[in-house]
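**Student:** Just to be clear, the model below is a prediction. Sequence and coordinates:
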Amino acid sequence: MIESPMITFPLLILFLPLISFIILIFFGKKLPRQGDWVAVGSIVTTFILAVYLFVQMLTNYDANFSHGASLSWIDMGAFKIDLGILVDNLTIVMLLIVTLVSSCTHIFSLEYMKGDVRYNRYYAYLGLFTFSMNGIVLADNLISMYMSWELVGVSSYLLIGHWFEKDSAANASKKAFLTNRVGDIGFFIGIMLLYSAVGAFTFAPIFDSISGGEAIAGMTLTLAGLGIFMGAVGKSSQFPLHIWLPDAMEGPTPVSALMHAATMVAAGVYMCVRLFPIFTADALTVIAYIGAITAILAALTAITQNDIKKVLAYSTVSQLGFMVLAVGTGVYTAAFFHLLTHAMFKANLFYCSGSVIHSMHHALHEAHDHDTDPQDMRNMGGFREKMPITYYSMLISTLAIAGVPLFSGFLSKDAILAGTLAFAQQNPGHFLLPLLGFSAAAITAFYMFRLIFMTFHGKPNMKNIFKDIHESPKEMTGPIVLLGALSFFIFYTLPSNFNPIKDKGWFKDLIVPRNSAVPGSLTANEIAEYAHHAHYLAMGLSLFVAAAGILLAVLMYQRQSISAEKLATKFGFLYHWSYNKFYFDENYNRYLYQPFLRLANSISWLDWEFYDKYFINGFGKLTKLFSKISGKFDYDGIDQGLVDGFGRVSAVSGNFLRNIQTGRLQNYLLFVVAGILVIIIAQAF
Amino acid sequence: MDSINSYLFISSMLFCLGLFGVITRRNAIAVLMGVELILNAANINFVAFSKFNGMNIDGHIFSLMVIVLAAAEAAVALAIIINIYNNMNTINIDDAAELKR
């Protein structure tokens, strides 16, 4: 490989969005078109650089390629922090995803955000967001990863709360930030545990000393791994911290696409993939269960949501659950593969939903209707004829997420499910994992087709606005077509394979799973071997569940031969659980926030009424008294006695002594003679 | 009177007289005269030590030097006194107590 571009290009990819952020935040308003061309230009440049790196990687392929550069940031003897970047195959693929989705978001937003009040700030924050995500991707140590991690949190806060005049948006951004904080504390504890045992922040020495088995092992390592995983739980919105992601829909739709596909939520999975070698078997089991629970809970919730973006949000949570499940069962390259394919089709789904919402918005605006929710699927229906590009692109992505062969989602989801099945075959006690996984896959197929049927098929539900529904302009359809196309399997199996059910291709060849650093774990080869054995069974099962889910959706929402309402009343409490998102927010509110608020209130009462009034004010009074006494002592004792006394003594002795200073030289001479006489006499004795 | 003691006696008498004059006189000229007596007492000492204690010619040379210096000193001192008289119309050194004021 060429040496220098492998460092300079990633650095450019990292810092160009930051430069665009700085330019836009300070001068954005003064630039023509509010400077959107700066942001779009810089991000497209990073995309081109990423493509160059990717092509370089493909043409000069090396499975163990790894390149890094670092500089010393803090060096205090034993305590040393180096900041550096690490470029390997994983990094390059991830950079490609991030810059591609980010570029699409920038271009899509040109039309979607046109005329927004804070247009330049929106683009500035997008730059910051991309910069911080690239920082996570390129980090070669835990410290710079953590810093970028927090930056992602901040920029997501800024973007979710872009329309902060809306209370719901302001609250959603706050919720996202605070929920993430909970996870980040775990992440930080994990970093500190690792550092205190290993004494390094950089990945390579950490992996080395873990595989040495002496510095850190057993329970401590499990705890450190779980702590670090906590960070991923927060960022990738896993159960029980998944509550922020659906609320984050309050942000502009392109931001949702960016956040759900490539930047924010992908960060957690990417971090797990990057740090996979540190997780012990126990930690991985916990991770797998968290992933499985997340996948099934979110999928169940998505069934009953009516807001088009909420459905997509819960589907993201569910898919992230799949990825985490894959990490937990050891097939972490499958997790990364799913991250890649999911980034493409989920970004596309969000752009399509954005296109639909955009058009609904216009139509409602034309009809002077400001009360109808433009995101509610019950107000849509029959949009297929009006928005064909959006429809077909969204259909392709839906087929991908549902796991239908010929589409990308099938390959990656199949790999995950095969890994899960293999894991359960090896450890029969964990049969729940594949069960939950396959159920979630079936439900995914169901609710995604429900979304398609409710939005695009059937008869228009609001006839008065239907005539104003139209296809979106090409700034929006461009990314939609591009990403829709990228949902086909062929882009992931090139160049070696045209078989739609085999995932062999550049991805499989590029990203070679590494062995876990923890002594005694299964090697990557063993895991791959087991997964390979489970492959055909898993494929059959996943085809079956996808077909079942789609069939059910067709029956209920296309043919309407099964009434959704009747089913809802039949499964009364289940329906309500799902519709109310399993009451997570309510329960958190009741059992966490409210007691916490009461605690805070009582502490504040203590603080104001007791501490301030008696302790603090008491101090004031005491001080006043003391100062009075000390003032009196100072004035009467020190000033009058000591200080003035010195003065008086000097004056008296001066007055006495000035008598001998007659000014007559003859007197002085007399003193001299007398003195000499005294000396002479004294010497005589 | 060949002993050194008699020379030293004379010189110390002369010194005491000079000192007495310097301390007690009010007239600046008289003070100056006292100073001359002191210098001459020193001269006698030089010459006496030269004669009796083997100082060779050095003592004589030194006393000649002192005489020259005394002449120069008298000239300067008299000039000062004339200036004082011009300024204050007196040569009484008690009246010229500028340091005191």
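**Tutor:** Looks like it came in fine. Residues are numbered from 1 along each chain as shown, chains lettered A, B, ... in the order given.

**Student:** Break down chain B into its helices, ranges please.
**Tutor:** Using DSSP state H, the helices found in chain B span residues B:4-24, B:28-52, B:58-88.

**Student:** nearest to chain A, of those helices?
**Tutor:** Comparing the helices of chain B by their distance to chain A (CB to the nearest CB), the top pick is helix B:4-24, with 5.2 Å. All C-beta atoms are positioned from the backbone trio N, CA, C, and that covers glycine.

**Student:** Reformat the helices of chain B as TSV; add distance to residue A:195.
**Tutor:** As requested, the helices of chain B are arranged in TSV below (distance: least, CB to CB, whole Å):
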stretch	distance to residue A:195
helix B:4-24	91
helix B:28-52	91
helix B:58-88	90
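
**Student:** Quick one, which of the ones you listed gets closest to residue A:396.
**Tutor:** With respect to residue A:396, and counting by CB to CB, the nearest of the helices of chain B is helix B:58-88 at 121.5 Å.

**Student:** and that closest one, what does it pack onto?
**Tutor:** If you count contacts as 3 or more CB pairs under 8 Å, 6 or more residues apart in numbering or on different chains; DSSP states H and E, helix B:58-88 packs onto helix B:28-52.

**Student:** tell me what the helix it packs on is packed against?
**Tutor:** Using 3+ CB pairs under 8 Å, 6+ apart, the elements in contact with helix B:28-52 are helix B:4-24, helix B:58-88.

**Student:** and of the ones you listed, who's closest to residue A:162?
**Tutor:** In terms of CB to CB, the element of the helices and strands packed on helix B:28-52 nearest to residue A:162 is helix B:58-88, at 96.2 Å.

**Student:** Show me which positions of that closest one end up buried.
**Tutor:** Buried residues in helix B:58-88, defined by neighbour count with 16 or more other CB atoms under 10 Å in any protein chain shown: B:59, B:62, B:63, B:66, B:70, B:77, B:81, B:84.

**Student:** for it, the distance to its chain's centre please.
**Tutor:** Between the mean C-alpha point of helix B:58-88 and the mean C-alpha point of its chain there is a distance of 9 Å (CA atoms, centre = their mean, to the nearest Å).

**Student:** and what of stretch A:8-19?
**Tutor:** Between the mean C-alpha location of stretch A:8-19 and the chain-wide mean there is a distance of 19 Å, by CA atoms, centre = their mean.

**Student:** could you give the mean pLDDT of it?
**Tutor:** What stretch A:8-19 shows for mean pLDDT is 87.

**Student:** Name the surrounding residues that touch it.
**Tutor:** The set of residues that contact stretch A:8-19 without belonging to it, under CB atoms under 8 Å, 6 or more residues apart in numbering or on different chains, is A:39, A:42-43, A:45-46, A:49-50, A:52-53, A:85, A:87, A:91, A:95, A:99, A:102, A:126-131, A:134-135, A:138.

**Student:** Give the ChimeraX command for selecting the buried subset of the residues you listed.
**Tutor:** Here the buried members of the contacts of stretch A:8-19 are turned into a ChimeraX selection, burial being counted by 16+ other CB under 10 Å:
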select /A:39,42,43,45,46,49,50,53,85,87,91,95,99,102,126,127,128,129,130,131,134,135,138
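
**Student:** what's the burial count for residue A:624?
**Tutor:** Other residues within reach of residue A:624 by the criterion other CB atoms under 10 Å in any protein chain shown amount to 9.

**Student:** how about a markdown table for the helices of chain B, with mean pLDDT added?
**Tutor:** Supplementary listing: those in a markdown table, determined by pLDDT from 0 to 100:
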| stretch | mean pLDDT |
| --- | --- |
| helix B:4-24 | 90 |
| helix B:28-52 | 90 |
| helix B:58-88 | 91 |
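
**Student:** Mind checking which of the contacts of stretch A:8-19 land in helices?
**Tutor:** Among the contacts of stretch A:8-19, the members found in helices (DSSP H) are A:39, A:42-43, A:45-46, A:49-50, A:52-53, A:91, A:95, A:99, A:102, A:126-131, A:134-135, A:138.

**Student:** okay, now the nearest residue to residue A:264 once chain neighbours are set aside: neighbour count?
**Tutor:** Excluding its sequence neighbours, the residue lying closest to residue A:264 (CB to CB, 6 or more residues apart in numbering or on different chains) is residue A:156, at 5.1 Å. A count of nearby residues for residue A:156, using other CB under 10 Å, gives 30.

**Student:** now swap in residue A:485 and tell me
**Tutor:** Using other CB under 10 Å, residue A:485 is surrounded by 14 other residues.

**Student:** Which residues are in contact with residue A:311?
**Tutor:** Contact partners of residue A:311, counting by CB under 8 Å, 6+ apart, are A:302, A:305, A:377, A:447, A:448, A:450, A:451.

**Student:** wait, isn't residue A:228 in contact with residue A:278?
**Tutor:** Yes - with contact taken as CB atoms under 8 Å, residue A:228 and residue A:278 are classed as touching, separated by 7.3 Å.

**Student:** Are there residues contacting both of those two? Which ones?
**Tutor:** By CB under 8 Å, 6+ apart, residue A:228 and residue A:278 have these common neighbours: residue A:194.

**Student:** Quick check on the closest residue to chain B within the stretch 401-550 of chain A: phi, psi?
**Tutor:** The nearest approach of the stretch 401-550 of chain A to chain B comes at residue A:517, 95.7 Å away (CB to the nearest CB). Reported as degrees, to the nearest 10, the phi and psi values for residue A:517 are phi -80, psi -20.

**Student:** can you tell me which residues contact the closest residue in space to it that isn't next to it in sequence?
**Tutor:** For residue A:517, the nearest residue in space outside its immediate sequence neighbours is residue A:277; the separation is 3.7 Å by CB to CB, 6+ apart. Listed by CB under 8 Å, 6+ apart, the contact partners of residue A:277 are A:207, A:210, A:211, A:514, A:515, A:516, A:517, A:518.

**Student:** Just give me how far stretch A:65-76 sits from the chain centre.
**Tutor:** Its chain's average C-alpha position is 24 Å from that of stretch A:65-76, according to CA atoms, centre = their mean.

**Student:** what comes up buried for that stretch?
**Tutor:** With the criterion 16+ other CB under 10 Å, stretch A:65-76 contains buried residues A:65, A:68.

**Student:** What lies in contact with it?
**Tutor:** A:1, A:3, A:6-7, A:57, A:80-89, A:140-141, A:143, A:202.

**Student:** thinking again about what came up before, is it correct that the residue nearest to residue A:264 is in contact with residue A:259?
**Tutor:** Yes - proximity of residue A:156 to residue A:259 meets the contact threshold set by CB under 8 Å, at 6.1 Å.

**Student:** now residue A:522, what's its secondary structure?
**Tutor:** Classification of residue A:522 using DSSP: H, G, I helix; E, B strand; the rest coil returns coil.

**Student:** go on, residue A:75?
**Tutor:** Going by three-state DSSP: residue A:75 is strand.

**Student:** Check the gap between it and residue A:83 for me.
**Tutor:** Distance of residue A:75 to residue A:83, given as CB to CB, to the nearest Å: 12 Å.

**Student:** Count the neighbours of residue A:299 for me.
**Tutor:** With neighbours defined by other CB under 10 Å, the count for residue A:299 comes to 29.

**Student:** Up against chain B, what does the stretch 151-300 of chain A have?
**Tutor:** Residues of the stretch 151-300 of chain A that fall close to chain B, judged by CB under 8 Å from any CB of the partner chain: none.

**Student:** Show me where the stretch 151-300 of chain A dips below the pLDDT cut-off.
**Tutor:** By pLDDT under 70, the low-scoring segments of the stretch 151-300 of chain A are A:215, A:217.

**Student:** Now do the strands in it.
**Tutor:** Assigned by DSSP state E, counting those that start in this stretch, the stretch 151-300 of chain A shows no strands.

**Student:** rewinding a little: so what sits against both of residue A:156 and residue A:259?
**Tutor:** Contact criterion CB under 8 Å, 6+ apart; residues bridging residue A:156 and residue A:259 by contacting each: A:129, A:248.
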